[in-house]
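Trainee: Predicted model, plus sequence, below.
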Amino acid sequence: MIPELGHFALILALLVAIVQSTLPLAGAALGAPRLMALARPAARVQCFMVVLAFVCLATAFAGNDFSVQNVAANSNSQLPLQYRIAATWGSHEGSLLLWTLMLGVWTCAVTLFSRHLPPAFLARVISVMGLVSVGFLLFLLLTSDPFDRLVPAAAEGRDLNPLLQDPGMVIHPPMLYMGYVGFSVAFAFAIAALLGGRLDATWARWSRPWTTVAWSFLTIGIALGSGWAYYTLGWGGWWFWDPVENASFMPWLTGTALIHSLAVTEKRGAFKSWTVLLAIVAFSLSLLGTFLVRSGVLTSVHAFATDPARGVFILTFLALVVGGSLALFAYRASKVGLGGVFGVVSRESALLANNILLIVAMATVLLGTLYPLFLDALHLNKQSVGQPYFDLVFPMVMAPLVFLMGIGPIARWSHAALPDLWTRLRWAFGVALAVALVLPFTLGRWSPWVAAALFFALWIATSSVVNLGARLAHSHRSGLLAKLAANSPSYYGMLLAHLGVAVFIVGVTLVKGYEVEQDVALQPGQNVAVGGYEFRFLGVHPGPGPNYRAVTGTVEVRRDGRLLETLHPEKRIYNASGQTMTIAAIDVGVLGDRYVSLGEPLADDNPSGPWAVRIYLKPFIDWIWGGALLMACGGLIAVTDRRYRLVVRRRSASALAGAAVAASAD
Amino acid sequence: MKALRWTIPFGIFVVLVTFLWVGLSRDPREVPSPLIGKPAPAFRLSKLQAPGETLGPADLKGSVWLLNVWASWCVSCRVEHPLLVQLAQENIVAVYGLDYKDKPDDGREWLAQHGNPYTASIVDRDGRVGIDYGVYGVPETFVIDKMGVIRYKQIGPLTDEALQDQILPLVRQLQQ
């Protein structure tokens, strides 16, 4: 009964979404207030229906209803409750339902927080989001119904993929999807602006907080996925340039470009059509990511069930949504114009370079991801480009970008003078260079590229200090606290996010430069010294888990004879699927992790004999995720800026006046 | 002319969609392997049926051979196994097995039960050799030429189609 209710709710959601995507749009075109007024209630009802469907599916999972195919395929009665609920979005169908749910929630949020928008504009925004909803609801109902019954019902479920039975995996998809889907808001704003022919600073100011929040979620989502890969896959890697990872990274890069170009459009009125294009591209890449993951065009370690019919559907949908948007862009953008004039050396130029570099980086990833596909389609020899390609090309694009991060925030809008920039930044440059040259010596081994990468990280930090110092020095208020308070949250958000990049670079550099990996065979009681640490293997003991049998090893970590930590790496065999999982044990530290995972017993059927044990030392690896977290926090702090709330009172003021106020306030 | 530049994004997108459309009709399992055209990574492992003896690619220089990665725990291996047995009877090319992350006893029992198409199988107990060969899903099959160079890689179970259209023509060509 409950699954049927969920199915019914999805059908209703589709019908409401059709209303939501057509009538308000027609109303905006005809100037009919009644039709436009339908947008908000329709969006809310649609969201409610999708939430209801989602709750129904979650109930089926929680209650072990194995007469539902999706539940039978992805859950098991032994599975602990939190993972049964997480299994709701563990399958293909469930994850699409989560996608649709997120879209509904974002649309609902727009109806709640955008009361001040002109009715025609709001109607268009909600209609565009409704169109995307229609596509996803159709996809669910036609090709991927999560409520399909299984007749006769299964006695027991096949269990959730053990890789997904992990706390990180419970929150990774919702965070990632919040980000992916969040870009639909910026997209809808862009399309609405193109339709209405109104592209100005006000439009950019409305889009900015939405884009930044979505970007922050996406940052956290990607970081969670990377952290999860680090501790569950047992290889100690944190990024694999896997197609699915790339699929989430491309919208992130474009979203980063979008955040920066929105800033220029809002403050200076420049880059207008470019910003609109970025908003379209960021969301298009989210859709492309969904297509790549769900269609099986590319193989990946994320072995999702794939089905060509689904691929055809998403590709058609992608072609309609993105093709339609870009055609609209081609038709309308020529009338918008570029807007704004600026000097060669100026903050606008720095941000333009930032945008170009980020888009080149995105194109690099896109090309690397789709390269096998291109060659195959052209009947050329298949060849894959893997990690070596990305490792070579990506830093080359990122290095100038990071260098600009030091200059951009300090350069004046419109016109800046190079000699003046040099005067202000030479100390930052010198200090960063000197420290970067000396620091690798203290870490054990000097290498030119470690020094180079550290320079970039330090450069961000020192130039940020110079930037803040100059702001405080020029403040007219008295007292340090008052001076600090005079700067806006969006300024501090920017500084924090940039520092996050520096922290991230430190993590990547040091773990790549100084990590130690060792595979050793250890008898119980045997010691091994790895990079100044003593690891003593005390053997393994068996133990049952809720839905698996485990072998747990005990490894003591010592330094200079002092016991630092006792680690318990595990090998699990899941009862229902018979799959094995390696759970690494990690002694986490700010300066580096000690990572131990169990290999195989080396003597047949004798777990009390010697084991292959994998030991890694990962210096500063947690800085990678720490950096990502700082970036996300920076984004979230930036949206608390008063300026976004003041929009309500200013909405009657003309767009130009709004831009002028913002520019002078900054 | 100037208005045309606004259609550039649309043009790029059309090209992209065309490629994706073609990609949908292709089999993604025929994944390119970076190893194709490269010498088969060296190893020396003991034989499954004769644990005292070892085998490595160096011993097979001068002949064309197939390396089939299998395991007793692998369900898809059972799907392709009859094809391998048939291939062995036809005596066209020597097939060597790499028993991947498997207990030797289980492997021997499995071969006794399902038939042994392999000239010899070697035991990759901890999967170390599998890593060198970029194995990411059992079964996989490599075609290795007289010079010890990998010429083809099949990911997933062998199919009659892949065997007749790809692998055997290639083997005949390499044997000349």
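Mentor: Now that the structure is in, tell me what you want to look at.
Trainee: On the pLDDT front, check the one residue in the stretch 1-150 of chain A that gets nearest to chain B for me.
Mentor: Closest to chain B within the stretch 1-150 of chain A is A:Thr143: 13.8 Å, counting by CB to the nearest CB. All C-beta atoms are positioned from the backbone trio N, CA, C, and that covers glycine. With respect to pLDDT, A:Thr143 scores 87.
Trainee: residues touching the nearest residue to it once chain neighbours are set aside, list them.
Mentor: The spatially closest residue to A:Thr143, leaving aside those adjacent along the chain, is A:Arg310, at 4.9 Å (CB to CB, 6 or more residues apart in numbering or on different chains). With contacts defined as CB atoms under 8 Å, 6 or more residues apart in numbering or on different chains, the neighbours of A:Arg310 are A:92, A:139, A:143-144, A:294-295.
Trainee: per-residue pLDDT, A:Arg310?
Mentor: pLDDT, A:Arg310: 75.
Trainee: Relative to A:Leu96, how far out is it?
Mentor: In this view, A:Arg310 and A:Leu96 are 9 Å apart by CB to CB, to the nearest Å.
Trainee: which neighbours do these two share?
Mentor: A:139, A:144, A:294.
Trainee: number of nearby residues for A:Ala109?
Mentor: 16 (other CB atoms under 10 Å in any protein chain shown).
Trainee: which other helices and strands contact whichever helix or strand it is part of?
Mentor: Using DSSP states H and E, A:Ala109 maps to helix A:92-113. In terms of contacts (3 or more CB pairs under 8 Å, 6 or more residues apart in numbering or on different chains; DSSP states H and E), helix A:92-113 is packed against helix A:39-62, helix A:69-74, helix A:119-143, helix A:167-196, helix A:272-295.
Trainee: neighbouring contacts of the shortest one?
Mentor: This means helix A:69-74. Contacts of helix A:69-74 (CB under 8 Å, 6+ apart): A:57, A:60-61, A:64-66, A:87, A:90-91, A:93-94, A:146-150, A:153-154, A:157-161.
Trainee: How much space separates B:Leu158 from chain A?
Mentor: 17 Å (CB to the nearest CB, to the nearest Å).
Trainee: Run through chain B and note the low-pLDDT ranges.
Mentor: Along chain B, segments meeting pLDDT under 70 span B:1-3, B:25-34, B:136-137.
Trainee: Give me the most central residue, it.
Mentor: B:Thr141 (1.8 Å; CA atoms, centre = their mean).
Trainee: Redo the contacts of A:Arg310 as JSON lines? Include neighbour count.
Mentor: Formatted as JSON lines, the contacts of A:Arg310 follow (neighbours: other CB atoms under 10 Å in any protein chain shown):
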{"residue": "A:His92", "neighbour count": "21"}
{"residue": "A:Phe139", "neighbour count": "21"}
{"residue": "A:Thr143", "neighbour count": "18"}
{"residue": "A:Ser144", "neighbour count": "23"}
{"residue": "A:Arg294", "neighbour count": "23"}
{"residue": "A:Ser295", "neighbour count": "24"}
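Trainee: Serialize those to a markdown table and add fields for distance to B:Pro104.
Mentor: Shown next, in a markdown table, are the contacts of A:Arg310 (distance: CB to CB, whole Å):
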| residue | distance to B:Pro104 |
| --- | --- |
| A:His92 | 38 |
| A:Phe139 | 48 |
| A:Thr143 | 45 |
| A:Ser144 | 43 |
| A:Arg294 | 40 |
| A:Ser295 | 40 |
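Trainee: Name the residue of the stretch 551-666 of chain A with the shortest distance to chain B.
Mentor: A:Glu600 (5.3 Å).
Trainee: Mind checking what secondary structure that residue has?
Mentor: strand (DSSP: H, G, I helix; E, B strand; the rest coil).
Trainee: Distance of the spatially closest residue to A:Ala485 that is not a sequence neighbour relative to chain B?
Mentor: Leaving aside its chain neighbours, A:Ala485 sits nearest to A:Arg477 (7.9 Å; criterion: CB to CB, 6+ apart). For A:Arg477, the distance to chain B (CB to the nearest CB) stands at 46 Å.
Trainee: Check A:Ala353 too.
Mentor: Look at A:Ala353 and chain B: by CB to the nearest CB, they are 20 Å apart.
Trainee: Just list the residues touching that residue, thanks.
Mentor: So A:Ala353 contacts A:400-401, A:404 (CB under 8 Å, 6+ apart).
Trainee: which residues touch A:Ser475?
Mentor: Per CB under 8 Å, 6+ apart, neighbours of A:Ser475: A:482-483, A:486.
Trainee: Only the buried subset of those, as a ChimeraX command please.
Mentor: Remark: buried members of the contacts of A:Ser475, expressed as a ChimeraX selection using 16 or more other CB atoms under 10 Å in any protein chain shown:
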select /A:483
